[in-house]
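Novice: heads up, no residue letters with this:
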């Protein structure tokens, strides 16, 4: 049981480039989330999804897009990378809205 | 007032010590509470849920005071392996998602 899998683990982007952070879960969880964590800061919610075909903005959605075509996958898209998007990105999932989340191991992104 | 506030620490304690972390939250309607542990350069992992009656898991005890909107975590007989950042987490906000505190860093020394 792999849980939540994120790829890539590390990435360096140039300003203006685009990329997709991949997230897959094999626990048949309905809810999936993308967070970013900056040094010394708490996790900030970027986008979340309550099921396939449904996504919604979190606290810091600007500069990002998501899609949820299947229960398993929840990719995060950066269209025009900016230095302010340098961060660690965590994907998470949960079965419902009562328990905690299971996190992936994160993607460390640097934009130069 | 921030949604979830924690003392950032660091807390530097010797092995065997008892250490307590505190957390306050702003949304009185919050329904679920958790403590997560995050090791350096790793993902957060659920340590324990926090229940109104208080709950214990081995050396860890969590308490919730809804009237004061206050959550605590007590670690007894600290081990070197307890060194990590402890995140106070509250389910709330306008969308009912988990809201994370910035974390309290614990360093247990020999």
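Specialist: That came in fine, so what should we check first? This one's a predicted model, so the numbers in the text were calculated from it and none came from an experiment.
Novice: what does chain B put close to chain A?
Specialist: Within reach of chain A by CB under 8 Å from any CB of the partner chain, chain B has these residues: B:4, B:8, B:32, B:34, B:36, B:42-46, B:49, B:87, B:89, B:91, B:95-98, B:100-103. Placement of C-beta: from N, CA and C, glycine included.
Novice: Kindly recompute the last result at 7 Å.
Specialist: B:32, B:34, B:43-44, B:46, B:49, B:95-98, B:100-103 (CB under 7 Å from any CB of the partner chain).
Novice: Now, these that are in strands?
Specialist: Counting by DSSP state E, the residues of chain B next to chain A place B:32, B:34, B:44, B:46, B:49, B:97-98, B:100 in strands.
Novice: Spit out the contact partners of residue B:99.
Specialist: B:3-4, B:89-90, B:92-93 (CB atoms under 7 Å, 6 or more residues apart in numbering or on different chains).
Novice: now swap in residue B:47 and tell me
Specialist: B:35-37, B:60.
Novice: give the contact list for residue A:67.
Specialist: Residue A:67 neighbours (CB under 7 Å, 6+ apart): A:55, A:75.
Novice: go again using 10 Å as the cut-off
Specialist: A:20, A:47, A:49, A:52-53, A:55, A:73-77 (CB atoms under 10 Å, 6 or more residues apart in numbering or on different chains).
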